[in-house]
Every structure is written in structure tokens, then in C-alpha cells.
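A.B. asks: return atomic coordinates for the entry below.
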Amino acid sequence: MAISQDTIKHLAHLARLELKAEESHTLVTQLKDILDFIDKLKQLDTAKTAPTSHILPINNVLREDNPGKSLDIAKTLENAPQKDGDFFVVPKVIE
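C.D. replies: Predicted coordinates for the structure are as follows:
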């Protein structure tokens, strides 16, 4: 796919970018290289390749979820600046 200066100017306008002339020339070259590489990738036969999300077989290491002893309500609310019964009172943050 051919990338021209007009294409770069149009993309810069859409992205609201102000490009200098040398930046524009650099982007033409870089985008052309990227698109050429994508064309090379399209030529590969990937029919027998399984889709992957990562190059290595990584699995999460999970532990058993064993419920433990909860905190005592009275001790938990001991240092609360404000409380209402068994609950913390926090300032309203919605305007």
C-alpha cells in the first residue's frame, strides 16, 4: 500500500497533530515499513497454527479459598472517626 504525504497530512489532521516536514517524511517511511511487514505476515500459512494469547504457556498460580476468622465489629470500629451502629460513616462525595 502506498503512503503519500497527502495521506500523512490527512491522518495528522484527523488526529489533530501538527507535524513538521521532517516528521512527515519520517512517518511516510515508517508507515510504509509497517504496512510492508503486515503484507509479509499475510503471506504466511497459519492454518495449522493454534491461536495464542501469549508466546509461553503461562497459568495463574491460585490457592484454595479458605475462609478465615473475621475481624470483631467492635474492634474494627474502635478507631473510626464516625460510626452509626455497626457501620462506618463516610462523607458524601456525589454532588
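A.B. asks: for the rest of this, base every contact and every neighbour count on C-alpha atoms.
C.D. replies: Fine.
A.B. asks: what count of nearby residues applies to residue 24?
C.D. replies: 19 (other C-alpha atoms under 10 Å).
A.B. asks: looking at this, it is in a strand?
C.D. replies: No. Secondary structure of residue 24 (DSSP: H, G, I helix; E, B strand; the rest coil): helix, not part of a strand.
A.B. asks: ok, it to residue 57 distance?
C.D. replies: As for residue 24, its distance to residue 57 is 41 Å (criterion: C-alpha to C-alpha, to the nearest Å).
A.B. asks: which residues in this protein form strands?
C.D. replies: 83-84, 87-88 (DSSP state E).
A.B. asks: looking at those, which is buried most?
C.D. replies: Ranked by mean neighbour count, those are led by strand 87-88 with a mean of 12 (mean count of other C-alpha atoms under 10 Å).
A.B. asks: low pLDDT regions in this protein?
C.D. replies: Along the chain, the parts satisfying pLDDT under 70 run over 1.
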